[in-house]
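S.K.: generate coordinates for the sequence data below:
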Amino acid sequence: MEEDPQKGHRKRKSGAKVNKKKKRKLQDDESAITDDARKRNPKAFSFQAVNKTSRIVHRALDKQTRKHHVPEVDRTPLEPPPSLVAVVGPPKCGKTTLIRSLVKHYTKQNVNQVKGPLTVVTGKNRRCTFFECPNDISSMIDVAKVADLVLLMVDANFGFEMEIFEFLNIAQAHGLPRIMGVLTHIDMLKVGKSLNRTKRTLKHRFWTEVHNGAKLFYLSSMSFDLYNKRDVLNLARFISVMKFKVLSWRGDHPYVMVDRVEDLSDPAEVQANSKCDRKVALYGWLRGSNLLSGATVHVCGVGDHVISEVALLPDPCPPPGKDKEKSTKRRTLNEKERLIYGPMAGVGGLIYDKDAIYIQTNERQKRNVGDDLIEELSTKTLNDKLTTAEFSLFSGSTGTIKNDDYNDGQRRKMVFGDEGDSDEESDEDNDENEEQGDDTDEEIEDEENEDFEDSQDDEGFEDDDGGEDEDEEISSEEDMVVGAARWKKNIAAKAKEGFVQRQLNAKNLHAVMNSFIQIHKIDN
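M.R.: Model (predicted):
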């Protein structure tokens, strides 16, 4: 069977693709014609107005010149410190909620208490420290000096307040860091034209105060006491990729954002005098130039002090990009690399010190026997354990003997199964023991009186009016022998009598013997 010859390709003669090719061909032809015309008659294509052309050229050159800057020395280390992101705004505008929402987005962890700076990992080679600015002039001045980025919170339901204008005026005197506006409480406005009009009015007002084109974000609604995930995601992306310009004043001066404080003073001195000089350790990332020991520093709200020692500690929140081999393989962070460090807020897990590492344990985790033992040893002393110690005399007995049972000098009664019979018998035995005990006590008192009188006669005690000296020693050897051998007189009778008396006073043993005799009678 003969094969059919292959059909040739037929070009399209109509359609969008053909029209596009025709249009492109016409443009090429026109450009070729104009080029030829310019070559034939260049004067016909020159500028018509000289003054207007000169102004255009001057304006273009001025715009190009403004972009030129003096070359600056890049002093940022290989591992730059976390960028400082300050959240500024009037009261009740959602500053704490915004920090909690951003931390939740970056680390997937909930932070119940926002106290002090919170450092989180936002990228393979990037970290950010979020902190809230109090509403007072001193705090605003301190924040404007060190912040790399300012999130300016504006209540859309109320508008711009006095705290916002105060901070903007303060920031202009300190270099005006990067400022991004955040509108909150938008869900309280009516949806429709009024909402769009309010947004547009606040945006133009914000541009007037900061600069044209300043970024403004909208946080519309909340869920589970946090802002909407989509709104927080848009804000977090801008924060993660934003580039910060290091001001010359900050680069020439060292400064530290303290994230942990410890009082190293002697507790005895503090207890004796609460106003004594303290020894305080401050922890934080160093920014700017180098910091030397012996230099004078200004502690905000405290005053000027001299540094006694500067030490280098391991990074408590290292960036994942430190290991280049692992960082080049992945574009995103895994769960282990989403670190958070906030000692004042009680998050972070590990706290590094000069000579120790503090480990934060989760109370909800199952506790081991060793943890309970360590906690008990650290909280209770040996005397406390001895006072609260208990033990049982017999293995099957329900009662336990405590240390408090011996505080009154009396022995504890023993409890048996037949409480009724044993109690009656023990009461009768106690009555007999008390009668016998009274007789023996009288005999012991008579003997003690006789011995005391004999000792007075031997030692030569006299009245206070005069006589022999009280400290006079025995002169004759016979008196020394008689005095030394007096306790041996009738020693066998005294020992027998003391043994019988101790057996009678042993109430528990007596009760045991009676119960044993009673059981023996029942068996017979």
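S.K.: low-scoring stretches of the stretch 401-524 of the chain, by residue?
M.R.: Within the stretch 401-524 of the chain, the set of residues satisfying pLDDT under 70 comprises 401-488, 503-504, 506-524.
S.K.: try the stretch 201-350 of the chain
M.R.: In the stretch 201-350 of the chain (pLDDT under 70), the answer is 322-331, 348-350.
S.K.: if you set the cut-off to 80 instead, what comes out?
M.R.: Low-confidence segments of the stretch 201-350 of the chain (pLDDT under 80): 245-246, 248, 321-336, 345-350.
S.K.: tell me where it has helices.
M.R.: Ranges of helices in the stretch 201-350 of the chain, per DSSP state H, counting those that start in this stretch, are 229-241, 248-252, 267-272, 324-327.
S.K.: for residue 178, see how far away the spatially closest residue to residue 72 that is not a sequence neighbour is.
M.R.: The spatially closest residue to residue 72, leaving aside those adjacent along the chain, is residue 248, at 7.0 Å (CB to CB, 6 or more residues apart in numbering). Using the backbone N, CA and C atoms, a C-beta is placed for each residue, glycine as well. Look at residue 248 and residue 178: by CB to CB, to the nearest Å, they are 16 Å apart.
S.K.: higher neighbour count, the two?
M.R.: residue 178 (18 against 12; other CB atoms under 10 Å).
S.K.: partners of that one in the sheet?
M.R.: residue 149 (DSSP bridges).
S.K.: that one against residue 242, yeah?
M.R.: Yes. Judged on CB atoms under 8 Å, residue 178 makes contact with residue 242 at a distance of 6.7 Å.
S.K.: which residues do these two both contact?
M.R.: Residues touching both residue 178 and residue 242 (CB atoms under 8 Å, 6 or more residues apart in numbering): residue 149.
S.K.: so where do the strands sit in the stretch 251-400 of the chain?
M.R.: For the stretch 251-400 of the chain, the strands defined by DSSP state E, counting those that start in this stretch cover 255-263, 280-287, 296-299, 303-306, 340-341, 350-352, 357-359, 390-391.
S.K.: now mean neighbour count and distance to residue 497 too, for those, in CSV please.
M.R.: Formatted as CSV, those follow (neighbours: other CB atoms under 10 Å; distance: least, CB to CB, whole Å):
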stretch, mean neighbour count, distance to residue 497
strand 255-263, 16, 68
strand 280-287, 17, 72
strand 296-299, 11, 81
strand 303-306, 9, 80
strand 340-341, 22, 79
strand 350-352, 15, 72
strand 357-359, 10, 67
strand 390-391, 10, 34
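S.K.: tell me which of those approaches residue 108 most closely.
M.R.: When these are compared by CB to CB, strand 340-341 sits nearest residue 108, at 9.6 Å.
S.K.: could you point out which of the strands of the stretch 251-400 of the chain sits nearest residue 191?
M.R.: Set against residue 191 and scored by CB to CB, these come closest in strand 340-341, at 36.1 Å.
S.K.: can you tell me what sits against the closest one?
M.R.: The contact list for strand 340-341, computed with CB under 8 Å, 6+ apart, reads 103, 106-107, 109, 111, 118-121, 259, 316-317, 347-348.
S.K.: the strands in the stretch 51-200 of the chain, which residues?
M.R.: In the stretch 51-200 of the chain, the strands defined using DSSP E, counting those that start in this stretch lie at 83-88, 118-123, 126-132, 149-155, 178-184.
S.K.: quick one: the last one to strand 149-155, angle?
M.R.: Going back to what we said before, that points to strand 178-184. Following axes from the mean of the first three to the mean of the last three CA atoms, to 10 degrees, one obtains 30 degrees for the angle between strand 178-184 and strand 149-155.
S.K.: quick one: closest of the helices of the stretch 201-350 of the chain to residue 297.
M.R.: With distances scored as CB to CB, the stretch of those nearest to residue 297 is helix 248-252 (15.1 Å).
S.K.: could you dump that closest one to PDB, C-alpha only?
M.R.: Taking Å, rounded to 0.1, in the frame of the first residue of the first chain, the C-alpha atoms of helix 248-252 are listed here in PDB:
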ATOM      1  CA  SER A 248      25.900  57.500  61.000                       C
ATOM      2  CA  TRP A 249      25.200  58.600  64.600                       C
ATOM      3  CA  ARG A 250      24.200  55.100  65.600                       C
ATOM      4  CA  GLY A 251      27.200  53.500  63.800                       C
ATOM      5  CA  ASP A 252      29.600  55.700  65.800                       C
END
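S.K.: name the residues that touch that helix?
M.R.: 72, 73, 75, 145, 146, 175, 287, 288, 289.
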